[in-house]
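Participant: my questions concern the predicted model and sequence given below.
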Amino acid sequence: MSRVRLSQIVRVFAWTGLTSVGGGRYAYFYESLVSRRAWVTREEFVRDLTLCQLLPGPNFSNLAVALGFRLGGASGAAWGALALILPGALILLVLSALYFRGDFSPAMAHGLRGVAAAIVGLVFITTGRLVSVSLRSWRAIAIAATVFLLVGVLRVNTALTITLVAPASLWLFRARAGSS
């Protein structure tokens, strides 16, 4: 199942791990793998992202494994995940040492608020790109709206919301007789 050379997977995933930040990290993978290189279609990306968000563990690492497997089989999954995680882990190790030694100034804390705002922008961009693939029918829109209302407006626990909505979602999107 090797569509992409392992060295290319490692290079792209390591660069993504080194340069991506926060909740907007999906935008980096989308840009690298869908927009720029066309290694993965939008539909494949959404399917892999959806699967990874359903699984336990860090979604972005899960996505590296899924996309790595799609692009290069088991070796692509293992090396892609390692390449993605290692740069950030090393940077976090250094920054944690500095932080706990007290080497961060109050100005640094204020600067991080600006970074948080940039991350929100990246999340909006990625969401906008994925909406057209994910919300193609009234059923999908109804599920999204229900989750939004339950979690966002009514503040129902997220796990409880998923437990309640998942059966309805599976029923609404069940395979119909005569469809493939």
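Facilitator: Everything's here; your move. Residues are numbered from 1 along each chain as shown.

Participant: low pLDDT regions in this structure?
Facilitator: The model of the chain has pLDDT under 70 over residues 1-2, 22-24, 103-104, 109, 178-180.

Participant: how far does the top helix by length along it sit from its chain's centre?
Facilitator: What stands out as the longest helix in the chain, according to DSSP state H, is helix 59-101. In terms of C-alpha atoms, centre = their mean, to the nearest Å, the centre of helix 59-101 is found 13 Å from the chain centre.

Participant: which ones are touching the nearest residue to residue 49 once chain neighbours are set aside?
Facilitator: In space, residue 49 comes closest to residue 63 once its chain neighbours are excluded; the distance is 6.0 Å by C-beta to C-beta, 6 or more residues apart in numbering. Every C-beta, even on glycine, is put in place using the N, C-alpha and C of the backbone. The contact partners of residue 63, taken as C-beta atoms under 8 Å, 6 or more residues apart in numbering, are 26, 29, 48-49, 52.

Participant: closest to residue 10 among those?
Facilitator: Residue 10 lies nearest to residue 29 out of the contacts of residue 63, by C-beta to C-beta, at 14.4 Å.
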